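Q: Predicted model follows, preceded by the sequence.
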Amino acid sequence: MARGAGGTRRRLWQLAIIVPLVAAAVIAASMTSPWRLVELKIFDYFSTFAPPSPTEDSPIIVAIDEPSLAEIGLRWPWPRDVHAELVTALREAGAKAVGLDIIFAEPSAGPGDAALAAALGPGVVLAADETVIRTPQADQHIRVEPLPAFTATGAKPGIASVVLDGDGVVRRIPPYADGFARRLLDAAGEKPSPAQPDALIQAFGPARTFQTVSYYQALDPKNFLPEGTFRGRTVIVGLSMQSASGVDTGGADVFATSYTVRSRNLLAGAELQATVAENLARGLSVAPASMPLAGFATIAAALLAGLFVWRGTGYVTGLVSVAVIVLFFGASFLLLHLGRLYLAPLAPSLAFACVAAIQSARDYAAERRRRMRITRAFSQYLSPVLVDRLAEDAGHLRLGGERRELTILFCDVRGFTTISEQMKDDPEGLTRLMNRLLNPLSDVILKAGGTIDKYIGDAIMAFWNAPLDDPDHALHAIEAALAMLEAVEALNIEREVEAELFSEKPHPLRIGVGINTGDCVVGNMGSDFRFNYSALGDAVNLASRLESETKAFAVSILVGEETARQAGGRIALAELDRVRVKGKTEAVAVSTPAPGADAGILAVHAGFMADLHDAKLTGRDPRFDSLSKALPTVEGFYRLVKARFSDRAD
């Protein structure tokens, strides 16, 4: 149903409250640590879907691995003159920069330090470390540098420390201006691209994605490696144990990265430094969206949801909400890969979903209340099936009254005064009897799709074609009337069986039914305090008059002219007369149903009626008997007409 001005204002106020509250709540939640970790997990999946690959100029890893430990045959840590041999071999092989991801902070015994110092020089970066120890009293910064003898040669120290997020994963470009990767790019003559604080690392793949050779191979590249392996390349030397790469096993100098969610493996520190260096060299780091930008996206999503649910909600709301959330995630993914900006989709998606869900819940509750009101209002008058249809689409109902064609049925108990007198000492029994009669009659009406207008003592008024359309309303009303006669007969049989048990003779119940079709006004009629769904109009009055006329025609059912016209051809009807009922100036044709009658018998009846009207009929006409047998529902009428001839003869 369309909302009125009042409903529109109420909905506007609802959304004016829901949208900002949802946006504020989601923004507040997005500032919590658990929320940020979820957003970072989304980043892990986004950034590692079709990641970029290292290039031919990317750093090459010299791994201190299990094969090297076996080949060199020395316990770790190795003497420093072994590292001196490696640096010398790498220089001779054409490496443009060498990074030793090993901290040489303490002097060693023997000639190793001197040999290493002699091999070092410009173009070499040595690992340093910076640690922050936080205590209630103060934060203590501890920096561990290589030996001065090594840096005096021109080798540069670079902080190899990394930043761990709350879940222990390395995702951030180290914030140090003299970080290991930055110093290595400087040594190679490359200019690092600027990266904003808290920039996120673009992963390239699982462990060993970068070209990796074993330490022992790099000591003798001419014999173990292809020609030119190190020429013009940046080389990073560090631990890379294959046996310590799993998440569950761990190990020294290995870290969880964004790619760990896919590979379940850790990344060696040397390869992590290569990843950072490649991010800085190629400008691949991802900038996280600022708080103002993220907040604006959340507010915009909440407003968008408010506009979406402004006109109403339904099952489509859920489908569209899912589509919009997928769109948000897709936009975030594209923004990350194409714009190197990570705007987490979680907050906007949740804001949109919450606004849509809250308003949908409110609409659902309002719809439930509306359905309950309709069900309560019409369950007294309509069959459960029709009530359900009306509750599902209240557009079938126009409150306040509408003009439409109805077929109206009036049913009254014959001889109710006599029955009342017989049971004057048992009013409760009379009430039970009426209930026993009205219950099956009402059930017949409801099953035939009729609407019960009211009960008037021992009478029932019902109509068809409102509040729901019924193209065959005339036929259904006649069928209901015939079924009502059968229900009364069944009740009479029950009462006779019951009476025999008590040696009583019950008064048989009889009903008269009048049916008419015509234009009426139907809707909620009454006062502001009490109203009823009812029908008014001349067609209603005529149906009531026809019910009274059944006595005069000695039949149980009288059908009006328009009802007979609309139902004609689908149910046999025997026209009885044209009568001018009380309160009417024009005569109307009245008929009674003759179920099962064929066209030939109806033609005989029509001839009988023509002779009656033309005064050609006599009391000895054999058609009285033949028609009474062929048309039992009209038998009373024939008996009545024959009695008139007998009275004249007397």
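A: Nice, I can see it.
Q: Give me the below-cutoff pLDDT ranges for the stretch 401-550 of the chain.
A: Residues of the stretch 401-550 of the chain that meet the criterion pLDDT under 70 lie in 526-531.
Q: Is residue 192 in a helix, a strand, or coil?
A: Here residue 192 is recorded as coil under DSSP: H, G, I helix; E, B strand; the rest coil.
Q: Show the contacting residues for it.
A: Taking CB atoms under 8 Å, 6 or more residues apart in numbering, we find residue 192 in contact with 181, 182, 185, 186, 280, 281. Yep, even glycine has a C-beta here, placed from its N, CA and C like the rest.
Q: what's the spacing between residue 87 and residue 113?
A: Plainly put, residue 87 is 13 Å away from residue 113 if you go by CB to CB, to the nearest Å.
Q: Show me which of these two is the more surrounded one.
A: Comparing residue 87 with residue 113 by neighbour count (other CB atoms under 10 Å), the higher total belongs to residue 87, at 24 against 20.
Q: Now for the more buried one, which secondary structure element holds it?
A: Using DSSP states H and E, residue 87 sits within helix 80-92.
Q: Can you list the neighbours in contact with that helix?
A: Defining contact as CB under 8 Å, 6+ apart, one finds that helix 80-92 is touched by 62, 72, 74, 98, 100, 102, 104, 108, 110-113, 115-116, 118-120, 123-124, 215, 218-221, 230, 235, 237.
Q: same thing but 7 Å
A: The contact list for helix 80-92, computed with CB atoms under 7 Å, 6 or more residues apart in numbering, reads 72, 98, 100, 108, 111-113, 115-116, 118-120, 124, 215, 218-219, 221, 230, 235, 237.
Q: Next: stretch 540-557.
A: Contacting residues not belonging to stretch 540-557 are listed as 408-412, 481, 485, 511-516, 520, 558, 560, 576, 579, 581-584, 590, 592-593, 633-634, 636-637, 639-640 [CB under 7 Å, 6+ apart].
Q: run the last query once more with 6 Å
A: Contact with stretch 540-557 is made by 408, 410, 412, 481, 485, 512-514, 516, 520, 558, 560, 576, 581-582, 592-593, 636-637, 640, as judged by CB atoms under 6 Å, 6 or more residues apart in numbering.
Q: now swap in stretch 594-601 and tell me
A: Contacts of stretch 594-601 (CB under 6 Å, 6+ apart): 572, 574, 630, 631, 633.
Q: how long is that stretch from one end to the other?
A: Separation of the first and last residues of stretch 594-601 by CA to CA, to the nearest Å is 10 Å.
Q: quick one: buried residues of that stretch?
A: For stretch 594-601, burial by neighbour count (16 or more other CB atoms under 10 Å) applies to 594, 597, 601.
Q: just stretch 170-188 next, same as before
A: Quick answer for stretch 170-188 (16+ other CB under 10 Å): 170-174, 176, 179-188.
Q: taking the mean pLDDT, what do you get for that stretch?
A: The average pLDDT for stretch 170-188 rounds to 95.
Q: and what of stretch 126-141?
A: For stretch 126-141, mean pLDDT is 81.
Q: Buried residues of that stretch, list them for me.
A: Across stretch 126-141, burial judged by 16+ other CB under 10 Å covers 126, 127, 128, 130.
Q: are any of the contacts of stretch 540-557 buried, and which?
A: Buried members of the contacts of stretch 540-557, scored by 16+ other CB under 10 Å, are 408, 410, 412, 481, 485, 512-514, 516, 520, 558, 560, 576, 581, 592-593, 636-637.
Q: Just the ones in helices from those, please.
A: Mapping the buried ones among the contacts of stretch 540-557 onto helices (DSSP state H) picks out 481, 485, 636, 637.
Q: What lies in contact with stretch 138-153?
A: Residues outside stretch 138-153 that contact it (CB under 6 Å, 6+ apart): 104-105, 117, 120-121, 126, 128-133, 157.
Q: Contacts only, for residue 122.
A: Contacts for residue 122 (CB under 6 Å, 6+ apart) come out as residue 154.
Q: how near is it to residue 97?
A: Distance, residue 122 to residue 97, using CB to CB: 9 Å.
Q: go on, residue 152?
A: Residue 152 is 19 Å from residue 97, by CB to CB.
Q: swap in residue 602?
A: In terms of CB to CB, residue 602 sits 113 Å off from residue 97.
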